[in-house]
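Visitor: here is my input; please provide its structure:
(one chain, ligands or ions: 1)
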Amino acid sequence: MSPTESNLPEAATLLTVRGLRKAFGRHEVLKSIDMDVRRGEVVTLIGPSGSGKTTVLRCLNGLEVPDGGIVEFANDLTVDFSLPVPKKQLSSMRDRSAMVFQHYNLFPHKTALENVIEGPVQVQKRPKAEAIEEARELLARVGLADKEGSYPFELSGGQQQRVGIVRALALRPQLLLFDEPTSALDPELVGDVLTVIKELADEGWTMVVVTHELAFAREVADEVIFMADGVVVERGHPDTVLRDPREERTRQFVDRLL
Ligand code: ADP
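Guide: Predicted structure coming up:
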């Protein structure tokens, strides 16, 4: 379960975002976001509710189409949203990342295994037997070997989210996007899911994580980005942003949560 092989040297930039903008009606939700994510790096997005964190992930994953800005993957795909974007380019961008959702978003009428193989088989057209074998390995890896035949309603929230993570991994993306992956969980289930995410980070997966778990961000993140009202207020190493922020707004936010 190591990240997709690539010829990029270690620490090469995987993702570059410049001037990302998105409005819903007259509400400018993202007002020119810049972001760089290097290969193998964990970037966490923190900030008050409504600051635009989820919208950043959804724009990167093509679930929302930005109004402007540039998204570039490893120098071989540049999408300029200030111009009309060809469908092929958008789908190529979508293929680079996989999202883990706050509310898991599993298909309720499919088993854990069926949820995991859906993308590889239906979308990526990979052979079913191969997809099943890989899905079983991945489920075992997150402690769910005996749950492959279970339906989401038969699983705890933590187990469902681990299926959600495996479903993302099975797509073999270059980039994992986590949207508050533990905020819907009962407190006693948060630890297991965070442990899985930490292990993935240790294995070298590149990820952007929206989270309110600042202790997790401090432990795992290479960079923390603090957003408010659709702009990046402050960014840097977790020791700086979370312990000794430059901006008063960041300080107020982290003081409340830590
Ligand atoms: P965060 O993740 O920081 O809580 P979001 O990105 O979810 O913030 O939302 C930022 C703002 O955009 C919020 O005010 C939210 O209501 C608004 N918003 C998000 N998605 C939509 C949508 N599809 N339509 C209209 N407004 C939206």
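Visitor: contacts, neighbours, all on C-alpha from now
Guide: Fine.
Visitor: for the ligand, tell me whether stretch 208-221 is touching it.
Guide: No. Against the ligand, stretch 208-221 shows no contacts by Cα under 6 Å from any ligand atom, the least distance being 7.5 Å.
Visitor: got the CA positions of that stretch in PDB?
Guide: Provided in PDB are the C-alpha atoms of stretch 208-221 (Å, rounded to 0.1, in the frame of the first residue of the first chain):
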ATOM      1  CA  VAL A 208      -4.200  17.400   2.600                       C
ATOM      2  CA  VAL A 209      -6.200  17.000   5.800                       C
ATOM      3  CA  VAL A 210      -8.900  19.400   7.000                       C
ATOM      4  CA  THR A 211      -9.100  18.800  10.700                       C
ATOM      5  CA  HIS A 212     -10.000  20.300  14.100                       C
ATOM      6  CA  GLU A 213      -7.700  17.800  15.800                       C
ATOM      7  CA  LEU A 214      -4.800  20.200  16.500                       C
ATOM      8  CA  ALA A 215      -2.900  17.600  18.500                       C
ATOM      9  CA  PHE A 216      -3.000  15.400  15.400                       C
ATOM     10  CA  ALA A 217      -1.900  18.300  13.200                       C
ATOM     11  CA  ARG A 218       1.000  19.000  15.500                       C
ATOM     12  CA  GLU A 219       2.200  15.400  15.400                       C
ATOM     13  CA  VAL A 220       1.700  14.600  11.800                       C
ATOM     14  CA  ALA A 221       1.700  17.800   9.700                       C
END
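Visitor: what residues sit buried inside that stretch?
Guide: Buried residues in stretch 208-221, defined by neighbour count with 16 or more other Cα atoms under 10 Å: 208, 209, 210, 211, 212, 213, 214, 216, 217, 218, 220, 221.
Visitor: from these, which land in helices?
Guide: Judged by DSSP state H, helices contain the following of the buried residues of stretch 208-221: 214, 216, 217, 218, 220.
Visitor: a markdown table for the residues you listed, including pLDDT?
Guide: Shown next, in a markdown table, are those (pLDDT from 0 to 100):
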| residue | pLDDT |
| --- | --- |
| 214 | 94 |
| 216 | 94 |
| 217 | 95 |
| 218 | 94 |
| 220 | 94 |
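Visitor: all strands for this protein, in order.
Guide: 13-24, 27-38, 42-46, 68-73, 77-80, 97-100, 175-179, 207-210, 223-228, 231-236 (DSSP state E).
Visitor: low pLDDT regions in the protein?
Guide: By pLDDT under 70, the low-scoring segments of the chain are 1-11.
Visitor: and the residue positioned nearest the centre of it, how far from residue 94?
Guide: With distances taken as Cα atoms, centre = their mean, the residue of the chain nearest its centroid is residue 177 (0.9 Å). From residue 177 across to residue 94, the span is 12 Å (Cα to Cα, to the nearest Å).
Visitor: try residue 57
Guide: Taken as Cα to Cα, the span from residue 57 to residue 94 is 11 Å.
Visitor: if anything else comes up later, I'll come back, but that's it for now.
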